[in-house]
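> just a sequence and a predicted model for now, questions to come.
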Amino acid sequence: MSFADMNKEKKQLLILSAGGALTLFMIVTNVILNPAKARAAEARETIGELSSQVRTGELILRKDQSNRKVVSRHAARILELRATELPPENSRYIWALRNVTSLAREVGVKVTVRETSSLRYVPAASEQGLDKASVPMWIPYSVEVETFTSFENLKIYMDRLRAAHPYASIGLLQITSNDASPENHRVQFILEWPVLRFVEDVNWMESVAEPPEASS
Amino acid sequence: MNHYINLLEPSECVYPGSAAQAAPALKLGGALAAAALLGGLVLYWQSLQSTIGEGERLQATWTRIEEDVKLATARAEKLKRLEQGVQTLEGWSASRYDWPAFLTYVARRTPPPGENIQFTRLAFDEIMVGLRRQKPAKTAASFHPVRRSVDVVLRGLVASDQPEVFLARFQERLLNGPDQPVGVLAVNLDDYFQLRDPEGTLSNRTRFTFTVRLEERELKP
């Protein structure tokens, strides 16, 4: 039966049904589906951005458990060496002077010890915006030692320094012969120890270092 | 006026020309299509809701862990710096050159007769590559591991009628000595000058300068 064969009531019913279906479809589409589609599109974007980020983040958090322990252990190690083997923060020169001179006295060598006049590292022009990872944690603290001694005595003295100060290294050496006294030479050398470049590192390490094990 | 009385049961009624009468499959097809459309819409809706839920779940997880991740990342960076710091510190000691042994080595490697040679100067200025000249900057840099690098300058006088032969032997002995306390990479003759007597004639004394390059050492335990 074609549309033309239908009576008026059927035609009205058909048109009303089609219109109702279309209206219902439009309502469902605009009120429910489209907002949901928009939210889903946003969600897909979020998933794209965050899924790998969250996965990586969760891995970082798992790794952080062990990192905390390692940080704590390393910090404790550095603080321990700093306290026992390296020049103290506030009295480096007197510490170096005392140690270097007393060893020289033990081997019968007279020395003069002074702080080096020029820095043997590049200082920061400004700490503003500075990335600490741009430079090593350590800088050398240097003293210049001058003596007038024989080759053999010099070797003995350097041996003693090497043994007594495992973190002292000779950064510069000049041995010059002396015509007036061929057995003795003018010797200048720079002795340097590592010291922390940034004082804040000490504070941070003290805050994270594991406490020393209680003696039983 | 004509009256028609329909005595048929409703199930016996036939409507000629209606869609159901003309094509019952069409009616069924229409109903199935409507059901399929509805089902499709419901499935689509569920899939959208699932995506939205997944996004919200991820967002909530990230919001929950973001601060911790930032702290952990900062800690990991600090750990890297700290590990390098510990390595450098422990390597500081382990990488030291044994200078007394090296001085002994130089003295022992002079070709016989030893009294033909007199050292007038021995000097070096060690460079810690990655430390001494490393400039503080606003971005991280790659400098690890720091390395010790040394060129030793050895100056002296040699008394010989064939100083070039003597110095060549000395060079060879320094370079290939079996008991090197530190690897000798190269020995270069930088200065060679035959001195003259007060009368102006060439003497048998020759001034020389060798540069002895030692192997680099990394500041690592």
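Sure thing, it's come through.

> and the residue of chain B found nearest chain A, how many neighbours?
The nearest approach of chain B to chain A comes at residue B:55, 2.7 Å away (CB to the nearest CB). In this view, the C-beta of every residue, glycine as well, is placed from N, C-alpha and C. Residues within reach of residue B:55, counting by other CB atoms under 10 Å in any protein chain shown, total 23.

> the bottom helix or strand of chain B by mean pLDDT?
Of the helices and strands making up chain B, the lowest-confidence element is helix B:19-22, at a mean of 59, by mean pLDDT, DSSP states H and E.

> show me the contacts for the residue nearest to the spatial centre of chain A.
For chain A, the residue nearest the mean C-alpha position is residue A:133 (5.4 Å; CA atoms, centre = their mean). For residue A:133, the contact set (CB atoms under 8 Å, 6 or more residues apart in numbering or on different chains) comprises B:77, B:80-81, B:140-141.

> can you give me how far the helix ranked longest in chain A is from the chain middle?
Identified as the longest helix of chain A according to DSSP state H is helix A:34-84. Centroid displacement of helix A:34-84 relative to its chain, using CA atoms, centre = their mean, to the nearest Å, is 17 Å.

> show me what that helix is packed up against.
helix A:199-208, helix B:24-94 (3 or more CB pairs under 8 Å, 6 or more residues apart in numbering or on different chains; DSSP states H and E).

> who touches the next helix-or-strand element following it?
Next helix or strand after helix A:34-84 toward the C-terminus (DSSP states H and E): helix A:92-106. With contact meaning CB under 8 Å, 6+ apart, helix A:92-106 is reached by A:87-88, A:110-111, A:113, A:115, A:141, A:143, A:145, A:147, A:157, A:160-161, A:164-165, A:191, A:193, A:195.

> and these, which are buried?
Those of the contacts of helix A:92-106 that meet the buried threshold are A:87, A:111, A:113, A:141, A:143, A:145, A:147, A:157, A:160-161, A:165, A:191, A:193, A:195, by 16 or more other CB atoms under 10 Å in any protein chain shown.

> residue ranges with poor pLDDT in chain A?
For chain A, applying pLDDT under 70 flags the ranges A:1, A:212-216.

> tell me which residue in it sits closest to chain B.
residue A:43 (2.7 Å).

> leaving out sequence neighbours, find the closest residue to that residue.
Closest residue to residue A:43 apart from its sequence neighbours, by CB to CB, 6 or more residues apart in numbering or on different chains: residue B:55 at 2.7 Å.

> kindly report the same for residue B:13.
Here the residue nearest residue B:13, using CB to CB, 6+ apart, is residue B:6, at 7.7 Å.

> what does the one you found show for phi and psi?
phi -90, psi 110 (degrees, to the nearest 10).

> tell me the average confidence for stretch B:98-107?
For stretch B:98-107, the mean pLDDT works out to 94.

> what about residue 139, neighbour count?
All of this is about chain A. Neighbour count for residue A:139, taken as other CB under 10 Å: 23.

> actually, chain B is the one I wanted.
9.

> hmm, residue A:131 and it touching each other?
Yes: judged on CB atoms under 8 Å, residue B:139 makes contact with residue A:131 at a distance of 5.5 Å.

> tell me, what residue is most central in chain B?
Among the residues of chain B, the one closest to the centroid is residue B:142, at 7.3 Å (CA atoms, centre = their mean).

> quick one: secondary structure of that one?
Here residue B:142 is recorded as coil under DSSP: H, G, I helix; E, B strand; the rest coil.

> quick one: contacts for residue 71?
Reading this off chain A. A:208, B:75, B:78-79, B:82.

> wrong one, chain B
Counting by CB under 8 Å, 6+ apart, residue B:71 touches residue A:64.

> from residue B:183, how far out is it?
Applying CB to CB, to the nearest Å, the value for residue B:71 to residue B:183 is 45 Å.

> and if you look at residue A:155?
Separation of residue A:155 from residue B:183 (CB to CB): 20 Å.

> what pairs with residue A:114 across the strands?
Beta bridges link residue A:114 to residue A:144, judged by DSSP bridges.

> neighbours around it, how many?
12.

> surely it touches residue A:188?
No: taking contacts as CB under 8 Å, residue A:114 lies outside contact range of residue A:188: 10.7 Å.

> so residue 194 bridges to which residues?
Here I'm looking at chain A. residue A:140.

> ah, I was thinking of chain B
residue B:206.

> can you pull the contacts of it?
By CB under 8 Å, 6+ apart, residue B:194 lies in contact with B:163, B:202-203, B:205-207.

> where does chain B dip in pLDDT?
Within chain B, the ranges that satisfy pLDDT under 70 run B:1, B:14-24, B:114.

> let's see it at 50
Within chain B, no range satisfies pLDDT under 50.

> if you count neighbours, what's buried in stretch A:182-198?
Residues A:184-185, A:187, A:189-198 are the ones in stretch A:182-198 that count as buried (16+ other CB under 10 Å).

> returning to what we had before: intersection of neighbour lists for residue A:114 and residue A:188?
In contact with both residue A:114 and residue A:188: residue A:144, using CB under 8 Å, 6+ apart.

> state the pair within the buried residues of stretch A:182-198 that is farthest apart.
The span of those, defined through CB to CB, is set by A:184 and A:198 at 42.7 Å.

> for residue A:178, what are its contacts?
Contacts of residue A:178 by CB under 8 Å, 6+ apart are A:148, A:184-186.

> now do 6 Å
Counting by CB atoms under 6 Å, 6 or more residues apart in numbering or on different chains, residue A:178 makes contact with residue A:186.

> and it, what element?
Using DSSP H and E, residue A:178 sits in no helix or strand.

> next, it: phi, psi?
Torsion angles at residue A:178 (phi, psi; degrees, to the nearest 10) stand at phi -130, psi 120.

> that one and residue B:102, how far apart?
From residue A:178 over to residue B:102 the distance is 21 Å, taken as CB to CB.

> out of the contacts of helix A:92-106, who's near chain B?
By CB under 6 Å from any CB of the partner chain, no member of those lies near chain B.
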